[in-house]
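Visitor: this one's structure only:
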């Protein structure tokens, strides 16, 4: 009877579970390599460029809309790719998080290796020291014990270990410059800390801008509705802001001959903490580069502008006076445009009231100059203020239930005929316009407003500290050199008493400069002179 052998089984490949585990392991190793961390750091810097080159929606939404309109499909494509919201975009956040993970995965094993190396003793003394890059041979006059003691004294500050060899020979292995690796780790851990706390600052920080009249008006940090614009961190809802109040008493500006601002100063008073309960105001001189720091926030002086003051006298003799801020359109001459809006008092009928509202719109020139019949400004100081205004009457849309700009009227109301122009005239201080119904609009002068920015970043101290330690760690990793030194002391013979001293050195990093250092150290070791 014959038997038939079964054909050999084909080798089986790894199971899907093992392939998945291998893939994840290799991905993790690649992500946590130092090369990947450097690539991600470069990508993070590259990804931040659009945030500096393109307008950002959180900072200037109208500028973004203008940019999109001017660049057509290209501007729309950039909007879809979140190039106008770079720092909150998905792709920027992904790079940021991957860099954090890569740094953690890279630094963790290096930290264990560093701790292990710190506990390890210097390496054994090589058998043939003459083969080292730096070598010197000398003779001592005392015995081995005395020479070894002298070597220990000369190598104070080196990590060293003494060992014994055959025939009474004793060696010392020493190394120095371990601070280089310490600096390297300090740099990378500081970078990680800076990234983490910068992200936390964006989560729990906020920033707001507000315009305050420089006539003793007050701003209180009580809620987001007190601001003209407010950018909140992801964990800030605006209901738990640090309480403080600021009173703006005046504003002073100086300009160069070319009209460029040279000096901004505002005398303010502020109260925070217990001062809020006692209504105590503390003075402070607010300048552009000298923010007020109180209640964990910083108050910056950003700029200023003018607030033309108008008084409207209605036919029944009642008066209303307002000095609303107008927007600067030419920073060189401080030419401004705006709209000051009035409601006629004493009218109880809502329909009639909405047909009698007034708006004074136009241009304000701090130093008036007529170019033909067109008003412009020749200097930023309020030396000869004047306005060129249109007076509009009708429905201003103040009761429409939606917000509108304080600097202009709703153009759609003009187009619909609900708001009509009833007068146009240039006015100097003290001059007035008389409307067809007897209403008088007088230009009384001009006040000033300041633009303040309130910034809250609870992690700024940590970010600054990690930035400083980054530079310290980088300096140590670049300037400190790792080097090793070995000393072997052999006893002499009966015919040749004394000792034979061998000194050898090896630079673990760049050897530049170690030759001179080795010469000085070996000279002291052999001669026995204290250095």
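Guide: Looks like it came in fine. Since this is a predicted model, take the numbers as computed values, not measurements.

Visitor: Spell out the residue ranges of the helices in the chain.
Guide: Assigned by DSSP state H, the chain shows helices spanning 16-31, 34-53, 61-80, 90-119, 144-154, 179-204, 274-278, 350-354, 411-415, 460-479, 514-527.

Visitor: and the angle from the first one to helix 90-119?
Guide: When you say that, I think you mean helix 16-31. For helix 16-31 against helix 90-119, the angle by axes from the mean of the first three to the mean of the last three CA atoms, to 10 degrees is 80 degrees.

Visitor: going forward can the numbers begin at 34, since that is how I track them
Guide: Right, with 34 as the first residue, what we last looked at is helix 49-64.

Visitor: before we move on, back to that, would you list the helices of the chain in JSON lines and tack on distance to residue 481, mean neighbour count and mean pLDDT?
Guide: Placement of C-beta: from N, CA and C, glycine included. Converted to JSON lines, those look like this (distance: least, CB to CB, whole Å; neighbours: other CB atoms under 10 Å; pLDDT from 0 to 100):
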{"stretch": "helix 49-64", "distance to residue 481": "56", "mean neighbour count": "11", "mean pLDDT": "82"}
{"stretch": "helix 67-86", "distance to residue 481": "32", "mean neighbour count": "14", "mean pLDDT": "87"}
{"stretch": "helix 94-113", "distance to residue 481": "24", "mean neighbour count": "13", "mean pLDDT": "87"}
{"stretch": "helix 123-152", "distance to residue 481": "40", "mean neighbour count": "15", "mean pLDDT": "88"}
{"stretch": "helix 177-187", "distance to residue 481": "73", "mean neighbour count": "18", "mean pLDDT": "89"}
{"stretch": "helix 212-237", "distance to residue 481": "33", "mean neighbour count": "18", "mean pLDDT": "89"}
{"stretch": "helix 307-311", "distance to residue 481": "26", "mean neighbour count": "11", "mean pLDDT": "94"}
{"stretch": "helix 383-387", "distance to residue 481": "32", "mean neighbour count": "12", "mean pLDDT": "80"}
{"stretch": "helix 444-448", "distance to residue 481": "28", "mean neighbour count": "12", "mean pLDDT": "87"}
{"stretch": "helix 493-512", "distance to residue 481": "31", "mean neighbour count": "15", "mean pLDDT": "92"}
{"stretch": "helix 547-560", "distance to residue 481": "66", "mean neighbour count": "17", "mean pLDDT": "84"}
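
Visitor: In CSV, list those helices along with distance to residue 197.
Guide: Shown next, in CSV, are the helices of the chain (distance: least, CB to CB, whole Å):
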stretch, distance to residue 197
helix 49-64, 43
helix 67-86, 40
helix 94-113, 73
helix 123-152, 22
helix 177-187, 10
helix 212-237, 30
helix 307-311, 71
helix 383-387, 105
helix 444-448, 96
helix 493-512, 35
helix 547-560, 19
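
Visitor: pLDDT wise, what is the closest residue to residue 399 other than its chain neighbours at?
Guide: Using CB to CB, 6 or more residues apart in numbering and skipping the chain neighbours, the partner closest in space to residue 399 is residue 415 (4.2 Å). Looking at residue 415, its pLDDT reads 93.

Visitor: Could you verify my assumption that residue 415 touches residue 462?
Guide: No: Residue 415 lies out of contact with residue 462 (CB atoms under 8 Å); the separation is 9.9 Å.
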